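Asker: Sequence and predicted structure below; questions after.
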Amino acid sequence: MAAAALSRSRGVAGGLYFLFTLLCLVCLASSRIHDERLKNLREVVQKIEQKLENLKAEKATFLEDSRESIRSLEAMMALQMLKISEQSSEDFLPLNELLESAKRSLESTKDLLEKTKTYVDEQDELLDAKIADIELNLGRNKTIVRALEEHQAEL
């Protein structure tokens, strides 16, 4: 009877040892899978950060170039309007008509510039909103990475 009890306890112990070994292997495999996912998530976060920096640089360049072009065109138009005003003479009617035509052309160009300014400002606002959204998502992803790293450190 004692021999039967002893063989049963060995069977239970052997079964427990097998379950413990299996559990360790599953935990190890799970840990490796989490390591791989964490590594991939870090890479994604790094790529998003790089894209965000590139987007910010492109936005700054686009806005500065656009605004500088608009300023220089406005200055040229103001100079042209001043020249037209100075050259207008009531004595010479054909020149007056030509100058009035040039004035109207400059006015329509000025309207186009105003529309361009509005467009640039709208694009600036859209890019700001897009950047803010990306930064928010990036912050969330970084929080997830930190939490996974802390969890990984505990294991």
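Answerer: The structure has been received and is ready for your questions.

Asker: So the residue nearest to Leu138 when sequence neighbours are not counted versus Leu98, what's the distance?
Answerer: Distances taken as C-beta to C-beta, 6 or more residues apart in numbering place Ile48 nearest to Leu138, at 5.3 Å, with adjacent residues excluded. Just so you know, the C-beta spots here come from the backbone N, C-alpha and C atoms, and that holds for glycine as well. Distance, Ile48 to Leu98, using C-beta to C-beta, to the nearest Å: 58 Å.

Asker: same deal with Glu36?
Answerer: 75 Å.

Asker: Tell me which of the two has more neighbours.
Answerer: Leu98 (14 against 10; other C-beta atoms under 10 Å).

Asker: sec struct for that one, please.
Answerer: At Leu98, secondary structure determined by DSSP: H, G, I helix; E, B strand; the rest coil is helix.

Asker: Just the pLDDT for it.
Answerer: Leu98 is assigned 70 on the pLDDT scale.

Asker: what sits against it?
Answerer: Neighbouring residues of Leu98 by C-beta atoms under 8 Å, 6 or more residues apart in numbering: there are none.

Asker: Please save the CA atoms from stretch 135-153 in PDB.
Answerer: Listed next in PDB are the C-alpha coordinates belonging to stretch 135-153 (Å, rounded to 0.1, in the frame of the first residue of the first chain):
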ATOM      1  CA  GLU A 135       1.700  64.700 -31.500                       C
ATOM      2  CA  LEU A 136      -1.300  63.400 -29.400                       C
ATOM      3  CA  ASN A 137      -1.100  60.000 -31.000                       C
ATOM      4  CA  LEU A 138       2.700  59.900 -30.600                       C
ATOM      5  CA  GLY A 139       2.300  60.700 -26.900                       C
ATOM      6  CA  ARG A 140      -0.200  57.900 -26.500                       C
ATOM      7  CA  ASN A 141       2.200  55.500 -28.300                       C
ATOM      8  CA  LYS A 142       5.100  56.500 -26.100                       C
ATOM      9  CA  THR A 143       2.900  55.900 -23.000                       C
ATOM     10  CA  ILE A 144       2.100  52.400 -24.300                       C
ATOM     11  CA  VAL A 145       5.800  51.700 -25.000                       C
ATOM     12  CA  ARG A 146       6.800  52.900 -21.500                       C
ATOM     13  CA  ALA A 147       4.100  50.700 -19.900                       C
ATOM     14  CA  LEU A 148       5.200  47.700 -21.900                       C
ATOM     15  CA  GLU A 149       8.900  48.400 -21.000                       C
ATOM     16  CA  GLU A 150       7.900  48.500 -17.300                       C
ATOM     17  CA  HIS A 151       5.900  45.300 -17.600                       C
ATOM     18  CA  GLN A 152       8.800  43.700 -19.500                       C
ATOM     19  CA  ALA A 153      11.200  44.800 -16.700                       C
END
